[in-house]
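Peer 1: Structure for the following, please:
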Amino acid sequence: MKLSSLKSLVPERVIEVLAEEGIENLLPAQEKAVKAGVLEGKNVLVCTPTASGKTLIAELAIMKSVLSGKGKAVYIVPLKSLANEKYKLFRKRYGSMCKVAISIGDYDSSETFLSDYDVIITTSEKLDSLTRHRVPWLSRVALMVLDEVHLLNDADRGPTLEVLITVMRKIVPDIQILSLSATIGNPSELADWLDSELVFDEWRPVQLYKGVALQNRIKFYSD
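Peer 2: Predicted coordinates:
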C-alpha cells in the first residue's frame with residue numbers, strides 16, 4: 001500500500017515529511033493496522049517482530065489525532081533512554097507541526113507546562129505520577145500509545161502499567177489505545193482485555209535464524 005493513498009486519513013503534511021525521508025510504502029503490519037482502523041480512532045494491539053514498522057504506526061495515529069484537533073497524545077515507553085530516542089524522532093519529523101515534550105523526571109512534580117504541548121513522551125511511572133497529581137490536561141488526551149505493552153506481565157512494571165491503563169480509561173472514557181509489542185504469548189486475550197483489534201504479523205525485514213552456540217561454533221536448527 002502506498003503511503004500517498006492515505007491522504008483521506010492522514011494530513012498531507014505528514015505524508016510529505018515521510019516521503020522526504022524515503023518512506024513511501026507501508027510495510028505489512030502498517031497496512032494491517034490501517035485496515036484495522038487505527039487512523040479512525042479504534043483501539044488496536046499490534047504484535048509484530050522487531051523492526052517491522054510499529055513506531056510508524058504510532059506516528060501516523062498520533063499526528064492524525066493531534067492535527068485533526070481530537071486532542072493530545074501520550075506515548076508511553078518503559079525506559080528513559082527510549083523516551084529520549086522517541087522525543088528526538090518526533091521533534092525532528094514533526095516539530096514544525098506540533099509541540100512535542102518529554103516528561104521523565106521528578107515524580108513529585110505535576111509539570112503543569114505540559115498543558116501547552118500536543119505530544120508527550122513519557123514513562124508509565126511518570127504518567128502514573130501525573131494522574132496522582134490530577135493534572136487537568138489529562139482529560140484532553142485523545143490517544144495513548146503503549147510501547148512494549150507485554151511489560152504488563154512484568155513483576156515490577158506490570159502493576160503500574162495496568163493501573164495506569166485503568167485510570168486513563170476512567171479519566172477519558174473514549175480514549176483511543178494503541179498498544180505495541182514484539183513478544184506477547186497470549187495476544188488474543190490481551191486484545192480482548194484492551195478492547196482492541198488485534199494486528200498480528202510475522203513479517204520481518206531480516207530473516208531470523210535459531211541455533212545453539214558451543215565452543216565457537218553455531219549449529220542452526222533446520223525448519
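Peer 1: residue boundaries of the strands in this structure?
Peer 2: Taking DSSP state E, the strands of the chain run over residues 44-47, 72-77, 100-103, 119-123, 141-147, 176-181, 197-200, 211-214, 217-220.
Peer 1: partner strands of the last one, parallel or antiparallel?
Peer 2: So that's strand 217-220. When pairing is defined by DSSP bridges, strand 217-220 lines up against strand 211-214 (antiparallel).
Peer 1: Then the fourth one?
Peer 2: Sheet partners assigned to strand 119-123 using DSSP bridges are listed as strand 72-77 (parallel), strand 100-103 (parallel).
Peer 1: That one vs strand 141-147, what angle?
Peer 2: Relative orientation of strand 119-123 and strand 141-147, computed by axes from the mean of the first three to the mean of the last three C-alpha atoms, to 10 degrees: 40 degrees.
Peer 1: Next: the second one.
Peer 2: Using the same axes, to 10 degrees, the inter-axis angle of strand 72-77 relative to strand 141-147 is 10 degrees.
Peer 1: Buried by neighbour count: which residues of strand 72-77 qualify?
Peer 2: Within strand 72-77, the residues scored as buried using 16 or more other C-beta atoms under 10 Å are Lys72, Ala73, Val74, Tyr75, Ile76, Val77. C-beta here means a position set from N, CA and C on the backbone, and glycine is covered the same way.
Peer 1: out of the strands paired with strand 119-123, nearest to Ile218?
Peer 2: Nearest to Ile218, of all these, is strand 72-77, at 32.7 Å by C-beta to C-beta.
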